[in-house]
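Chemist: starting from these lines, generate the structure:
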Amino acid sequence: MPILRTITLGCKVNQYETELVAEGLARAGFREAADAEPADLCLVNTCTVTAEGALKSRKAIRQLARRNPGAQIVVMGCYATMAADLVAGLPGVSEVLTDKRQIPEFLARWGVLDVPSGISRFGRRARAYVKVQDGCRMRCSYCIIPAARGDLASRPVAELVDEVRRLVDSGHRELVLTGIHLGHWGLEWTDRRLRLPDLIEALLAVGGLWRLRLSSLEAVEVDARLLSLMAAHPSRICPHLHLSMQSGSDTVLERMQRRWASTRFVEKCLEVKESLDRPALTTDVIVGFPGETDAEFEATCRTVETVGFSKVHVFRFSPREGTPAATMSAQVDGRVKQERAAHLDLLSRRLRRDFFRALIGRRLQVLVEAADGRQPGLLHGTSARYAPVELTGTVDRVGELIDGEATGLADDGLIVRAAGP
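Modeler: Numbering: from 1, shown residues only. Predicted coordinates:
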């Protein structure tokens, strides 16, 4: 039986695509490699969103070549697309997939007669990602991904309904809809105008005990219909939205070539809070963008505090070759970036603690994801509002969706007392 080893770097879409290839190869008789077992075929799904992502991708390929002598190494993903010749010259690389549309042909060459159109499992995890679309038409000045991923390509409703049904039947209790630009699902179709709420409605018809979570959206894509759906199905659609902000300064947003001003972003966030019961709002922020002044950074901090995010992913600007921002003047000093990132991280931690504190005494729905390896009887999970949770229980509850009451604060999350047996 041939042995497969996979390494995935980067986003949820990459993780999904690795699962798709692995499931296809399983149909041809491949099995997953054990920890130290040498593999016959290694698959590396690469990332190029930052220069660090590209560096990690090269490092992963070299390590695989050393640890799996004689293995064929196949490389796919965004870095493979953007630097195919360089990747092809790395040790052990036998093939480079520069386009995800090459996946069916690749699988066929490895003996996969029935190429999967989607996945039916997501490893051993209780949470599964569902890729619903690919590509991006936005041209943010710092981002290389539109060049790596191409134009919009949405998956049909019927195909996604079937995939969700398979994943639920396999025991996955949380499904995360993801894409390169999730809010643009269906946008490229000229013969019909289905949009994201239509897809969500179709997926909610799939029976079983499971919940849906949405990955990153632009704030303006959260329309009244989506909020109405979320409000009507609080136990089926997680009251959590990740809204991409990047900066709270209008002048920085303009240099980033973002499409919406900070005031509109804040208004939409407040609308979400008014429409839903204590939703979790999370975001991404880039600090040290070229030309960012102290006043512009302070505007970002004020915006973060006004919204009251439950988590802020803070990134220090890193010039990405091939993007307009990489050659902009007034690049910010690395020390200043580090200081600003630390300051914003402290603010984010305070807001996060405030959000968790406000949930104490409330009933929460928790996905139990793992048993603690050091404390028997302690379980870890994630609430619908994206708060990490600690609770007591037996290991057989891992993978379940359970209800409980938040009784206190943990190190970075909540302590929950499970309801029922």
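
Chemist: residue ranges for the strands of the stretch 251-400 of the chain, please.
Modeler: When assigned using DSSP state E, counting those that start in this stretch, the strands of the stretch 251-400 of the chain occupy the ranges 280-287, 311-316, 363-371, 378-383, 388-392.

Chemist: could those go into TSV alongside mean neighbour count?
Modeler: The C-beta positions use only the backbone N, C-alpha and C, and glycine is treated the same way. Shown next, in TSV, are those (neighbours: other C-beta atoms under 10 Å):
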stretch	mean neighbour count
strand 280-287	23
strand 311-316	18
strand 363-371	20
strand 378-383	22
strand 388-392	20
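
Chemist: quick one: closest of those strands to Pro156.
Modeler: strand 363-371 (27.8 Å; C-beta to C-beta).

Chemist: by contact count, what packs against that closest one?
Modeler: Applying 3 or more C-beta pairs under 8 Å, 6 or more residues apart in numbering; DSSP states H and E, one finds that strand 363-371 contacts strand 378-383, strand 388-392, strand 401-410, strand 413-418.

Chemist: which parts of the chain are helices?
Modeler: Per DSSP state H, the chain carries helices over the ranges 12-27, 51-67, 78-82, 84-88, 103-109, 145-149, 157-169, 196-204, 224-232, 250-256, 262-275, 294-307, 334-359.

Chemist: which of the strands of the stretch 251-400 of the chain sits closest to Arg27?
Modeler: Short answer: strand 363-371, nearest of these by C-beta to C-beta, at 27.7 Å.

Chemist: adjacent strands (with direction) for the closest one?
Modeler: Sheet pairing for strand 363-371, assigned by DSSP bridges, gives strand 378-383 (antiparallel), strand 401-410 (antiparallel).

Chemist: and for the closest residue to Asp223 other than its chain neighbours, the neighbour number?
Modeler: In space, and not counting its chain neighbours, Asp223 is closest to Pro197: 7.6 Å by C-beta to C-beta, 6 or more residues apart in numbering. Neighbours of Pro197 under the rule other C-beta atoms under 10 Å: 17.

Chemist: Pro197 touches Val222, doesn't it?
Modeler: No. Look at Pro197 against Val222 with C-beta atoms under 8 Å: they stay out of range, at 10.2 Å.

Chemist: so where is the chain shaky, pLDDT-wise?
Modeler: Across the chain, the ranges flagged by pLDDT under 70 are 420-421.

Chemist: tell me the domain ranges of it?
Modeler: Structural domains assigned to the chain are 3-109, 127-359, 363-418, following automatic domain parsing.

Chemist: first vs last residue of the longest one, how far apart are they?
Modeler: Terminal residues of domain 127-359 are spaced 23 Å apart (C-alpha to C-alpha, to the nearest Å).

Chemist: distance to Thr293 for the strands of the stretch 251-400 of the chain - can I get that in TSV?
Modeler: Below are the strands of the stretch 251-400 of the chain laid out as TSV (distance: least, C-beta to C-beta, whole Å):
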stretch	distance to Thr293
strand 280-287	12
strand 311-316	16
strand 363-371	41
strand 378-383	38
strand 388-392	35
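
Chemist: can you put the domains of the chain in CSV and add distance to Val115?
Modeler: Output for the domains of the chain, formatted as CSV (distance: least, C-beta to C-beta, whole Å):
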stretch, distance to Val115
domain 3-109, 5
domain 127-359, 13
domain 363-418, 29
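
Chemist: which stretch among those domains comes nearest Pro116?
Modeler: Pro116 sits nearest to domain 3-109 of all the domains of the chain, at 5.3 Å, using C-beta to C-beta.

Chemist: coming back round to it: including distance to Thr392, could the strands paired with strand 363-371 go into a markdown table?
Modeler: Listed next are these as a markdown table, based on distance: least, C-beta to C-beta, whole Å:
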| stretch | distance to Thr392 |
| --- | --- |
| strand 378-383 | 6 |
| strand 401-410 | 10 |
